[in-house]
Every structure is written in C-alpha cells, then in structure tokens.
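*Asks:* Coordinates for the following, if possible.
(one chain, ligands or ions: 1)
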Amino acid sequence: MDALTLLLNRRSASRLTTPAPEGEELQNILAAGMRAPDHGALRPWHFIVMKDEGLTRFSQLLEKAAKVGKLGAEVEEKAKNAPFRAPLIITVIARTQDNPKVPEWEQIVAAGCTVQAMQMAAVAQGFSGIWRSGSWTEDPIVREGLGCGPKDHIVGFLYLGTASLKAPAKVQLPDMQDFVSHF
Ligand SMILES: Cc1cc2nc3c(=O)[nH]c(=O)nc-3n(C[C@H](O)[C@H](O)[C@H](O)COP(=O)(O)O)c2cc1C
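*Replies:* Residues are numbered from 1 along each chain as shown. Next comes the predicted model:
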C-alpha cells in the first residue's frame, strides 16, 4: 500500500481480534512511533506494550480504579472488560520535561503524533487499530499503576489487532472548504 492510499483511506476498527502484530511487525510499529516529529529531539514519550498477561494486569488496574472511584458495578464490569477488546494495546504516555525552547504542549502533540504513526504502521502491515482515551487517562489510580510522574500525560491507548468487521470501503470526507482557507 502506498503512503497516500494509506493516509486517504485508513479507517479505525473498534472490533479487533487475533492475530496481533508481533516480532518484526511490532518492532516496525514501535520504530514508526519513534520517528514522530520531535522538536529538540526530546523524545517526550514512553510506550507501554500490553499483551497476554499484560492485558490481564491492565484489566485489574482499570477495575481497581473503578472500585476506588466508587463508579458502580456497571462501570467496574466495563472497565474490567475494556482491555480485551484487542489482543494488543500500546499505551502512549507523553513524558514531558521543562525545556526553554519546547513548551509542554508541543511535547504532548509530538507524543500524539507517535500514536498516529504507530496506527499507520500497523495498517501498512495489514493490521487495524483504534486510538482510545477516555476518563482513565486522568485517573490517579491508572496513572500511578502505569508509572506516570507528575509531568506525564496519557495521550492514548492504541488498540491493535486484526479487524473482525469489514470497514466501509469508501471514506466520506466533509466539504473541505469549511476547514481550509488560503492566506
Ligand atoms: C486523542 C483521541 C482520543 C480518542 N478516544 C477515543 C475513545 O476513547 N473512544 C473511541 O471510540 N474513539 C476515540 N477516538 C477516535 C477514534 O480513534 C477514531 O478516530 C474514530 O472512531 C473515527 O474513526 P476513523 O479513524 O476511522 O475516522 C479518539 C481519537 C483521538 C485522536
């Protein structure tokens, strides 16, 4: 698949199953993330690969967060099941630092670019994925469990695997005039 075809036609997939990227495929995905644009070469990101028992540990962490937050039985159940919606999750943390030339927002954007790059690298290799976030990204129990420091931000959970539903063939773009102007 050439790069333009990939960028113009990519779709996210919310229903994901095995096989997941592994070995060289997974390394390519992580390497694509590492090649995200990065002001000052700070590499202000950290990737946590979760699969197999890692997904079980993540499930336990989300369940604990829901329990501690007293969010109710329904949310607890949803939290517990969430990680098993894909065979692989890469959690992306923006690990920001004070820098006189690179404000925090630029570092968070750079970490966001790693998510897109990794999703595209997965699609380029025949896999699918979806970038998810939700309130867990701000939850103190989840943050602590994933080793976040005070200047870290969870920018997303990239769910990866093989799409179990066929995506609509054609992506409908809105009228670009509403989004583009010329100066
Ligand atoms: C920062 C960020 C967080 C997102 N969080 C969620 C989420 O929690 N749940 C969800 O269904 N989609 C989420 N999305 C949107 C999906 O990743 C996806 O873009 C959307 O379902 C549209 O599908 P498409 O990528 O095929 O156009 C998020 C996107 C971004 C950029």
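
*Asks:* as a whole number, average confidence for the longest helix anywhere in the chain?
*Replies:* Longest helix of the chain, by residue count under DSSP state H: helix 104-124. The average pLDDT within helix 104-124 is 98.

*Asks:* Who are the packing partners of that helix?
*Replies:* Helices and strands touching helix 104-124, by 3 or more C-beta pairs under 8 Å, 6 or more residues apart in numbering; DSSP states H and E, are helix 3-9, helix 23-34, strand 45-50, strand 88-95, strand 128-132, strand 152-163. (C-beta placed from N, C-alpha, C; glycine too.)

*Asks:* orientation of the third one relative to strand 88-95 in degrees?
*Replies:* Going by axes from the mean of the first three to the mean of the last three C-alpha atoms, to 10 degrees, strand 45-50 is angled at 160 degrees with respect to strand 88-95.

*Asks:* now the second one
*Replies:* If you take the same axes, to 10 degrees, helix 23-34 sits at 30 degrees to strand 88-95.

*Asks:* Could you number the chain from 265 rather than 1 from now on?
*Replies:* In the new count, where the first residue is 265, that last one comes out as helix 287-298.

*Asks:* Just the buried positions in helix 287-298, please.
*Replies:* By neighbour count on 16 or more other C-beta atoms under 10 Å, the buried set for helix 287-298 is Glu289, Leu290, Asn292, Ile293, Leu294, Ala296, Gly297.

*Asks:* would CSV of these with distance to Ile394 and pLDDT be doable?
*Replies:* Formatted as CSV, the buried residues of helix 287-298 follow (distance: C-beta to C-beta, whole Å; pLDDT from 0 to 100):
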residue, distance to Ile394, pLDDT
Glu289, 18, 98
Leu290, 17, 98
Asn292, 19, 98
Ile293, 14, 98
Leu294, 18, 98
Ala296, 17, 98
Gly297, 16, 98
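
*Asks:* As CSV, these with distance to the ligand would be great.
*Replies:* What follows is the buried residues of helix 287-298, written out as CSV (distance: C-beta to the nearest ligand atom, whole Å):
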residue, distance to the ligand
Glu289, 20
Leu290, 20
Asn292, 20
Ile293, 16
Leu294, 19
Ala296, 17
Gly297, 15
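
*Asks:* Spatially nearest residue to Glu327 (excluding sequence neighbours)?
*Replies:* Once flanking residues are discounted, Glu327 sits nearest to Lys344: 4.4 Å by C-beta to C-beta, 6 or more residues apart in numbering.

*Asks:* Grab the nearest non-local neighbour of the residue minimising distance to the centre of the chain.
*Replies:* Closest to where the C-alpha atoms of the chain average out (C-alpha atoms, centre = their mean) is Leu422, at 2.6 Å. Using C-beta to C-beta, 6+ apart and skipping residues adjacent in sequence, the residue nearest Leu422 is Ile354, 4.5 Å away.
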